[in-house]
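>>> Here you go, sequence then predicted model.
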Amino acid sequence: MFHIILYQPEIPPNTGNIMRLATNTGSTLSLVRPLGFTLEDTKLKRAGLDYSDWVNVKAYDTLDECLSSVAKDRIFAFSTKGALRLDEVNFQQGDTFIFGPETRGLPVDVRNRFMETCVRIPMRPQSRSLNLSNAVSVAVFEAWRQQNFAGAK
């Protein structure tokens, strides 16, 4: 369905939740090192993961290495500094979504690479950004909704 990229994720339970989300939406998940945890971390497993949640997960040493393995036609970076609002984007099956680390978001150089497709999730002006796993869920479910939840029962 979609390809989710977590750029240097730091918090194991967030990644565990996103792994389960990917499985439930038919998406794939890529992790770009360095990670703030090991893939054997018990906190990942505490997220209630089953073996099937690991099937579509791959880790890469660099963002470029990761991007070379996915379709690059439509890549969206997600940031509180994005110019496009989530509801203004017409998503398509196969789109790639990049999210930054929990404590600092996507670095400027990554945001600049995808400046024209940098998306923000609307929120109140004085609010802190959403938790990473919540932000990924909001984005993926909006994109999937636009596909009429293809493949869902």
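Ah, there it is.

>>> What segments of the chain are strands?
In the chain, the strands defined using DSSP state E lie at 3-7, 28-32, 57-60, 75-78, 84-85, 96-99, 118-120.

>>> any chance of these in a markdown table, plus mean neighbour count, distance to V108 and mean pLDDT?
The way it works is simple: take the backbone N, C-alpha and C, and place the C-beta from them, glycine included. Conversion of these to a markdown table gives the following (neighbours: other Cβ atoms under 10 Å; distance: least, Cβ to Cβ, whole Å; pLDDT from 0 to 100):
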| stretch | mean neighbour count | distance to V108 | mean pLDDT |
| --- | --- | --- | --- |
| strand 3-7 | 24 | 13 | 97 |
| strand 28-32 | 22 | 16 | 95 |
| strand 57-60 | 16 | 21 | 92 |
| strand 75-78 | 24 | 11 | 98 |
| strand 84-85 | 13 | 17 | 97 |
| strand 96-99 | 24 | 14 | 98 |
| strand 118-120 | 20 | 11 | 97 |
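
>>> Let me know the pLDDT of L49.
What the model reports as pLDDT for L49 is 64.

>>> er, V55 actually
pLDDT recorded at V55 is 67.

>>> and the nearest residue to L31 once chain neighbours are set aside, what is it in contact with?
With Cβ to Cβ, 6 or more residues apart in numbering as the measure, A59 is the residue that lies nearest to L31, at 4.5 Å, once sequence neighbours are left out. Under the criterion of Cβ atoms under 8 Å, 6 or more residues apart in numbering, the contact list for A59 reads S30, L31, V32, R33, L35, L39.

>>> what's the closest of the residues you listed to E65?
V32 (8.2 Å; Cβ to Cβ).

>>> okay but that closest one is in contact with T62, surely?
Yes - with contact taken as Cβ atoms under 8 Å, V32 and T62 are classed as touching, separated by 6.8 Å.

>>> Count the residues that sit near V140.
As a burial measure, the neighbour count of V140 was computed by other Cβ atoms under 10 Å and equals 22.
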